[in-house]
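Participant: I would like to see how this sequence folds:
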Amino acid sequence: MKEPADVIVVGGGPSGSFAASKLARLGANVRVYEEHSKIGLPSHCAGHLNIRGLKRLGIHPLPVEIVENTFRGAAFYSPAGKRFSVRLASPVTCAVDRALFDKYLAERAQDAGAEYCLDSRVESLMLRDNVVKGVTIRQQGKIENRPAKIVIDAEGISSRILRQTGLQGPSKEMLVNGVEAEAENVRDTQFDTVEVFLGADYAPGLYAWLIPKKDGKAKVGLAAKTRNPKELLQKLVAKHPVASRQLAKAKIDKITVHPITLGGPIPKAYSHGFLTVGDAASQVKSTTGGGVIFGMTCATVAAEVAHKAIRQDDFSSKCLSAYGRRCDEVLGFDANMMVRMRKTLDALSDRRLEALIGSCTKLALNKTLQKVEDIDFQGRTLLRLLRNPRALAALSYFFLTGFFTNL
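Facilitator: Numbering: from 1, shown residues only. Predicted coordinates:
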């Protein structure tokens with residue numbers, strides 16, 4: 001039987017690996033249990049990341065083989081195909097191969113001393129008097145207990161392990177279903193521009209996207225609150241006034257479907273001997289559905305709080321509550337603002353989206369947005385934008401429209 005670990009991490013995705021890496025570097029004995037046989041597979045994410053966010057985490061530049069493309073532009077299309085585009089002076093985002101990205105983070109953690117156990121499914125938590133004491137795993141057909149001082153749950157959106165503690169998981173009312181695919185023979189796209197397609201006919205509750213890659217292919221996908229996402233993707237390819245031209249001769253394969261949480265961070269992400277990070281804690285941008293940077297940011301906090309608890313030999317909820325406070329300090333304002341923005345967007349009809357895109361063009365809002373660099377912490381970015389008259393006019397229309405639509 002293995003020696004008890006200081007910390008067990010459930011899941012070898014970006015948040016889990018980043019927490020494991022940080023803890024191992026701090027000197028903790030860390031073990032990661034991943035239910036799949038390979039890190040990064042299956043992939044359920046477009047891998048579109050903010051470069052500033054990667055720099056903030058200390059992992060930029062990434063190895064060249066991981067980066068599929070970099071982007072300095074974005075084009076937003078109304079339901080009828082009206083275009084509003086923004087062009088920036090330098091690249092702001094990049095697309096990564098998620099399988100290679102996840103593998104890279106896991107290798108960093110292993111180099112730091114973390115142990116990885118693949119094909120190892122965590123079946124349940126070991127609970128004693130409501131205190132987490134480790135996990136029960138299924139490995140090679142055998143069920144065994146693995147004790148630990150702290151368990152960090154990075155299992156993903158299923159939040160199956162989280163719910164065993166009695167904590168509240170991601171809001172079911174704010175879940176959308178995403179579909180991700182790869183397309184060959186895409187036409188009429190700008191190599192360094194991400195394209196976003198809005199409208200309830202194609203992606204009710206979020207949007208559709210087309211992300212060009214350096215090899216001439218593109219990532220295409222969407223997320224929707226209602227209806228079958230695969231059928232909506234077929235409709236986008238066949239009928240959207242712009243996307244149908246771009247994808248008319250495209251071969252689309254590698255289709256995967258996955259849920260995305262848009263409800264903002266869960267109210268409490270810690271318990272006795274337990275912390276949760278990433279999608280399981282709904283540490284995801286409500287406006288875009290991106291959660292890699294937020295999850296890894298909170299994973300850093302979780303590692304630091306867990307390490308301090310180990311030093312103090314105190315794994316109580318009171319001690320670990322520092323994780324909740326610190327995450328709220330880092331994400332709270334921006335996460336709350338993005339939830340409000342998402343609800344306002346959801347309330348807009350396609351007719352009002354057409355008007356909003358038109359207003360952004362008439363007000364030349366693209367000139368103001370050229371200065372935007374941080375697309376992760378959007379609440380703070382919004383406050384900075386409000387100092388500009390063009391942005392204030394467009395955003396006033398956006399929020400007032402959403403308000404009156406909700407009446």
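Participant: and stretch 338-355, how far apart are its ends?
Facilitator: 21 Å (Cα to Cα, to the nearest Å).
Participant: what is the rounded mean pLDDT of that stretch?
Facilitator: Average pLDDT, stretch 338-355: 90.
Participant: Now find how far off-centre stretch 190-202 is within its chain.
Facilitator: Using Cα atoms, centre = their mean, to the nearest Å, the mean C-alpha position of stretch 190-202 is found 18 Å from that of the whole chain.
Participant: and if you look at stretch 167-181?
Facilitator: Here the centre of stretch 167-181 is set off from its chain's centre by 11 Å, with Cα atoms, centre = their mean.
Participant: Also stretch 167-183?
Facilitator: The answer for stretch 167-183 is 10 Å, by Cα atoms, centre = their mean.
Participant: Could you list the buried residues of that stretch?
Facilitator: Neighbour-count burial for stretch 167-183 flags 167, 169-170, 174-183 (criterion: 16 or more other Cβ atoms under 10 Å). Glycine gets a C-beta too; all of them are placed from N, C-alpha and C.
Participant: export those residues to CSV and tack on pLDDT, secondary structure and distance to residue 221?
Facilitator: Converted to CSV, these look like this (pLDDT from 0 to 100; DSSP: H, G, I helix; E, B strand; the rest coil; distance: Cβ to Cβ, whole Å):
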residue, pLDDT, secondary structure, distance to residue 221
167, 97, coil, 30
169, 95, coil, 24
170, 96, coil, 20
174, 94, helix, 19
175, 97, strand, 16
176, 97, strand, 12
177, 97, strand, 11
178, 97, strand, 6
179, 97, strand, 5
180, 96, strand, 4
181, 96, strand, 6
182, 96, strand, 9
183, 96, strand, 10
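Participant: ok, these vs residue 274, which is closest?
Facilitator: Residue 274 lies nearest to residue 167 out of the buried residues of stretch 167-183, by Cβ to Cβ, at 8.1 Å.
Participant: show me where the stretch 151-300 of the chain has helices.
Facilitator: Applying DSSP state H, counting those that start in this stretch to the stretch 151-300 of the chain gives helices spanning 160-163, 229-239, 243-246, 292-312.
Participant: Please identify the deepest-packed of those.
Facilitator: Comparing the helices of the stretch 151-300 of the chain by mean neighbour count (mean count of other Cβ atoms under 10 Å), helix 292-312 comes out on top with a mean of 23.
Participant: Counting by contacts, list what it packs against.
Facilitator: strand 5-10, helix 14-25, strand 48-50, helix 51-57, strand 142-153, strand 274-276, helix 317-347 (3 or more Cβ pairs under 8 Å, 6 or more residues apart in numbering; DSSP states H and E).
Participant: To residue 35, which of these lies closest?
Facilitator: That would be strand 5-10 among these, by Cβ to Cβ, at 8.9 Å.
Participant: Paired strands for the closest one, with orientation please.
Facilitator: strand 30-33 (parallel), strand 142-153 (parallel) (DSSP bridges).
Participant: Contacts for that strand next, please.
Facilitator: By Cβ atoms under 8 Å, 6 or more residues apart in numbering, the residues outside strand 5-10 that reach it are 16-17, 19-20, 23, 28-33, 114-115, 122, 134-135, 146-155, 161, 306, 310.
Participant: Can you select the buried ones from those in PyMOL?
Facilitator: A single PyMOL command selects the buried members of the contacts of strand 5-10 (16+ other Cβ under 10 Å):
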select buried, resi 16+17+19+20+23+28+29+30+31+32+33+114+122+134+135+146+148+149+150+151+152+153+154+155+161+306+310
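Participant: Among the helices of the stretch 151-300 of the chain, which comes closest to residue 346?
Facilitator: helix 229-239 (15.8 Å).
Participant: roughly how far out does the closest one sit from the chain middle?
Facilitator: 23 Å.
Participant: With just CA atoms, put that helix into CSV.
Facilitator: The C-alpha trace of helix 229-239 is given here as CSV (Å, rounded to 0.1, in the frame of the first residue of the first chain):
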residue,chain,number,x,y,z
PRO,A,229,-25.8,21.4,-29.9
LYS,A,230,-24.8,19.1,-32.7
GLU,A,231,-28.0,20.0,-34.6
LEU,A,232,-27.3,23.7,-34.0
LEU,A,233,-23.8,23.2,-35.3
GLN,A,234,-25.2,21.6,-38.5
LYS,A,235,-27.6,24.6,-38.8
LEU,A,236,-24.8,27.1,-38.4
VAL,A,237,-22.8,25.3,-41.1
ALA,A,238,-25.8,25.1,-43.5
LYS,A,239,-27.7,28.3,-42.9
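Participant: and it, what other elements does it pack with?
Facilitator: Looks like helix 229-239 contacts strand 175-184, strand 208-212, strand 218-224, helix 243-246, strand 251-261 (3+ Cβ pairs under 8 Å, 6+ apart).
Participant: Format those as JSON lines; extra columns: distance to residue 300.
Facilitator: Listed next are the helices and strands packed on helix 229-239 as JSON lines, based on distance: least, Cβ to Cβ, whole Å:
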{"stretch": "strand 175-184", "distance to residue 300": "26"}
{"stretch": "strand 208-212", "distance to residue 300": "27"}
{"stretch": "strand 218-224", "distance to residue 300": "27"}
{"stretch": "helix 243-246", "distance to residue 300": "37"}
{"stretch": "strand 251-261", "distance to residue 300": "20"}
